[in-house]
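1. The sequence isn't on hand, but the structure is:
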C-alpha cells in the first residue's frame, strides 16, 4: 500500500510537469556556446527544458518563457549565427508523454483497491499494480527515446551543448520500481495469509475415560 501511494504521488507530480512545475521536466539542454534561438527571429537562449504539456526556454538574462500548453507539441531550434541551420523536435517524440497521466490514474485505482481486505479486491489490486508498472515502463521508454533524440538533434546543431536527463525522467523510473515492489508485495502477502489460514486449524483433544489409561498396559 505504501509503495502504491508513493508511486502515485511521483507519477501525479510528473503528470503536471511543465509549464506549471518548472523543475519537473524530462530532458534539459544547456547551450554553452553558439546561443541558438527557438525561432527565426527569436532571441538567444541558454537552456531548453522538455515537459509533458510544453517546453520552456531561458534566455541570456535568465528570463523563462514557455510554449503554449498542449499535447504533442513540437519545437524548432535555430543556430543563432546561421538561421538556415536548424533542428526540429517533432510532435511524434512528445505525443507519447501523455502515457504518464494514464499510468498515474491506473496507479491510483490500484491504491484504492489495496485499501480493501477482501480477497478479490486484493487480487485485482495486484494485477492493476502490474498493469500500472507496464504503463510506467512504456512511459519511461518514451522518456529515453525523447532524451536520446534531443541529444542527437542538438548535437547536429553545432556549438557546445550539454543534454541531461531531468528530475521527471528519474521520478518515472523510481515509480516503475515501486509499482513492481507493490505488485509483488500484494501477491506474497496474500500467499502468506493463505498459508497461515491453512495451518491454523484448531487442535481437538480427545479425552478418554479413566479406564482407557490402563487398557493397553495389560
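-> Thanks, I have the structure now. Just so you know, these numbers come straight off a predicted model, no measurement behind them.
2. what number of residues lie near residue 57?
-> Around residue 57 there are 24 other residues, counting by other C-beta atoms under 10 Å. C-beta: built from backbone N, CA, C; applies to glycine.
3. cool, and residue 91?
-> Neighbourhood size, residue 91 [other C-beta under 10 Å]: 14.
4. so who does the closest residue to residue 89 other than its chain neighbours touch?
-> Closest residue to residue 89 in three dimensions, ignoring its sequence neighbours and counting by C-beta to C-beta, 6 or more residues apart in numbering: residue 75, at 5.2 Å. Residues near residue 75 by C-beta atoms under 8 Å, 6 or more residues apart in numbering: 38, 48, 55, 67, 88-89.
5. Let's see that with 10 Å instead.
-> Applying C-beta atoms under 10 Å, 6 or more residues apart in numbering, we find residue 75 in contact with 38-39, 48, 50, 54-55, 57, 67, 87-91, 94, 150.
6. Likewise for residue 8?
-> Taking C-beta under 10 Å, 6+ apart as the test, what residue 8 contacts is 103-112, 132, 175, 178-179, 182.
7. pLDDT on the helix or strand containing it, on average?
-> With elements delineated by DSSP states H and E, residue 8 resides in helix 2-16, which encompasses its position. Confidence over helix 2-16 (mean pLDDT, whole number) is 95.
8. Can you name the next helix or strand after that helix?
-> Using DSSP H and E, the helix or strand that follows helix 2-16 towards the C-terminus is strand 27-31.
9. Which strands border that following strand, and is each parallel or antiparallel?
-> strand 45-50 (antiparallel), strand 161-165 (antiparallel) (DSSP bridges).
10. Would you mind listing the buried residues in the longest helix along the chain?
-> When the chain is scanned for its longest helix (criterion: DSSP state H), the result is helix 119-157. Under the neighbour-count criterion of 16 or more other C-beta atoms under 10 Å, helix 119-157 has 122, 124-126, 128-133, 135-140, 142-144, 146-147, 149-151, 153-154, 157 buried.
11. repeat for stretch 66-74
-> Going by neighbour count (16+ other C-beta under 10 Å), the buried part of stretch 66-74 is 66-67, 73.
12. which residues touch that stretch?
-> Where contact means C-beta under 10 Å, 6+ apart, the residues beyond stretch 66-74 that reach it are 18-20, 22, 38, 49-57, 75, 88-98.
13. Helix, strand, or coil at the most centrally placed residue in the chain?
-> Against the mean C-alpha coordinate of the chain, by C-alpha atoms, centre = their mean, the closest residue is residue 172 at 2.5 Å. Residue 172 falls in the helix class when you classify it by DSSP: H, G, I helix; E, B strand; the rest coil.
14. quick one: contacts for the residue nearest to it when sequence neighbours are not counted?
-> Beyond its immediate neighbours in the sequence, the residue positioned closest to residue 172 (C-beta to C-beta, 6+ apart) is residue 140, lying 4.9 Å away. Going by C-beta under 10 Å, 6+ apart, residue 140 touches 26, 99-100, 103, 169-176.
15. least trustworthy helix or strand in the protein by mean pLDDT?
-> Comparing every helix and strand of the chain by mean pLDDT, DSSP states H and E singles out helix 167-198 as the least confident one, with a mean of 76.
16. Could you check how far the nearest residue to residue 7 once chain neighbours are set aside is from residue 8?
-> Nearest residue to residue 7, sequence neighbours excluded (C-beta to C-beta, 6+ apart): residue 178, at 4.0 Å. Counting by C-beta to C-beta, to the nearest Å, the gap between residue 178 and residue 8 amounts to 9 Å.
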